[in-house]
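>>> okay, sequence plus prediction incoming.
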Amino acid sequence: APADPFLANNTATAITTVSVPPSCLISGPDPVCPLATTNYTGPAGLATYGWSITGNGTIAGATNAQSVTVNATTNGTFTLSLLVANADGCSSTCQKTVTVINSGAPLLTCPSDAQLQCGDSTDTNRTGIATASGNCSGGSANVTFTVVATPANCPGKPGIDRIWTATNLSGQSSICTQHV
């Protein structure tokens, strides 16, 4: 049989485009305090985002944006999952496990010791007030004090030690002493 002239010297060209899946990384704090509200962020510039959470936390607001707001609940952990996709439709998934822990007692700062003249008032508006901050619930700690008499520096008038206590919502406390 004669050779088919249409089959000879034919070539074909194909172009194949390979799209790389997007990288996925969740950025945000770890550990966090119970009842804390924190933000977590995925990689920028992608076409779609899908957040989910399991464990001791809840997502507040939208779950389809680059960033998500999380409300921690009680001690333990929560795991954030993120599914991202680029404009070519390639996707990847990542997770971040975050520890929820009450990291300690509030940081208590005593006012400076005060040396008063005999007969001066020892009221806190004159000698200062202790403040509490930091750690879990430190900023909203209840600050109280007790007064203990010290040896007299003035005839018939003892000095005082003001013992300050800060207690956070979890019942953890710090103590400092101011000498007046």
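Cool, the structure landed.

>>> so who does the residue most central in space within the chain touch?
Among the residues of the chain, the smallest C-alpha distance to the mean C-alpha position (C-alpha atoms, centre = their mean) belongs to V32, namely 4.2 Å. Residues near V32 by C-beta atoms under 8 Å, 6 or more residues apart in numbering: 38, 72, 98-100. Every residue, glycine included, has its C-beta placed from N, CA and C.

>>> can you list the residues you listed in a markdown table and add neighbour count and pLDDT?
Listed next are those as a markdown table, based on neighbours: other C-beta atoms under 10 Å; pLDDT from 0 to 100:
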| residue | neighbour count | pLDDT |
| --- | --- | --- |
| T38 | 16 | 95 |
| A72 | 26 | 95 |
| V98 | 24 | 96 |
| T99 | 14 | 93 |
| V100 | 23 | 91 |
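
>>> now the two most distant members of those residues.
Greatest spatial distance among the contacts of V32 (C-beta to C-beta): T38 and T99, at 12.2 Å.

>>> pull out the buried residues from the lowest-mean-pLDDT helix or strand in the chain.
Sorting the helices and strands of the chain by mean pLDDT, DSSP states H and E puts strand 131-133 at the bottom, at a mean of 81. Of the residues in strand 131-133, those buried under the neighbour-count criterion (16 or more other C-beta atoms under 10 Å) are 131-132.

>>> contacts for it?
When contacts are taken as C-beta under 8 Å, 6+ apart, the neighbours of strand 131-133 outside the stretch itself are 106-109, 138-139, 141, 143, 166, 168, 174.
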